[in-house]
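Undergrad: With the input below, show me the fold.
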Amino acid sequence: MATTSSSKSTSSPNLNITVESNLSKSRLQELGINSWPKWGCPPGKYTLKFDAKETCYLLKGKVKVFPKGGSPEEFVEFGAGDLVTIPKGLSCTWDVSVSIDKHYKFDSPS
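TA: The predicted structure is shown next:
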């Protein structure tokens, strides 16, 4: 996998969310992100449950994800330009501070 030296990857062990920042254009093309469906939402709080693993690329926006039943200090934050992988089965609250516009894909159930 090709990465750039400015790329960073972070994850939360409790949420199992992976965030990759500063992806190269070639990496985005390799993933085919522009062919993925788009979704967006305005600022607000959203309770979500992921029935499948989701990979998304944020075109714009900023969000903090809090796990269901977790402490207020336990969250993952990501925003525009981040590639995010969210595990199947995660129940959480998205606290969207800046409107989200993203490309996304779900893994097929196995």
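
Undergrad: Give the phi and psi angles for the most centrally placed residue in the chain, as a check.
TA: The residue lying closest to the centre of the chain (Cα atoms, centre = their mean) is residue 84, at 3.1 Å. Here is the backbone geometry of residue 84 (degrees, to the nearest 10): phi -120, psi 130.

Undergrad: That one contacts residue 50, doesn't it?
TA: No - look at residue 84 against residue 50 with Cβ atoms under 8 Å: they stay out of range, at 11.4 Å. Where you see a C-beta, it was placed from the backbone N, CA and C, and this is true even at glycine.

Undergrad: In this structure residue 67 contacts residue 94, no?
TA: No - applying Cβ under 8 Å as the test, residue 67 and residue 94 come out as separate, 11.2 Å apart.

Undergrad: Can you tell me the SS state at residue 100?
TA: strand (DSSP: H, G, I helix; E, B strand; the rest coil).

Undergrad: Could you pull up the contacting residues of it?
TA: The contact partners of residue 100, taken as Cβ atoms under 8 Å, 6 or more residues apart in numbering, are 39-41, 58, 60-61, 63.

Undergrad: at 7 Å instead, please
TA: Residue 100 makes contacts with 40-41, 58, 61, 63, as judged by Cβ atoms under 7 Å, 6 or more residues apart in numbering.

Undergrad: same question, residue 54
TA: 86, 104, 106.

Undergrad: And the pLDDT at it?
TA: What the model reports as pLDDT for residue 54 is 97.

Undergrad: what number of residues lie near the spatially closest residue to it that is not a sequence neighbour?
TA: Distances taken as Cβ to Cβ, 6 or more residues apart in numbering put residue 86 closest to residue 54, at 4.6 Å, once the chain neighbours are dropped. Counted with other Cβ atoms under 10 Å, residues neighbouring residue 86 total 23.

Undergrad: from memory residue 86 sits against residue 16, does it?
TA: No - using Cβ atoms under 7 Å, residue 86 is not in contact with residue 16, being 8.2 Å away.

Undergrad: how far away is the residue nearest to residue 54 from residue 78?
TA: Distance check for residue 86 against residue 78: by Cβ to Cβ, to the nearest Å, it reads 10 Å.
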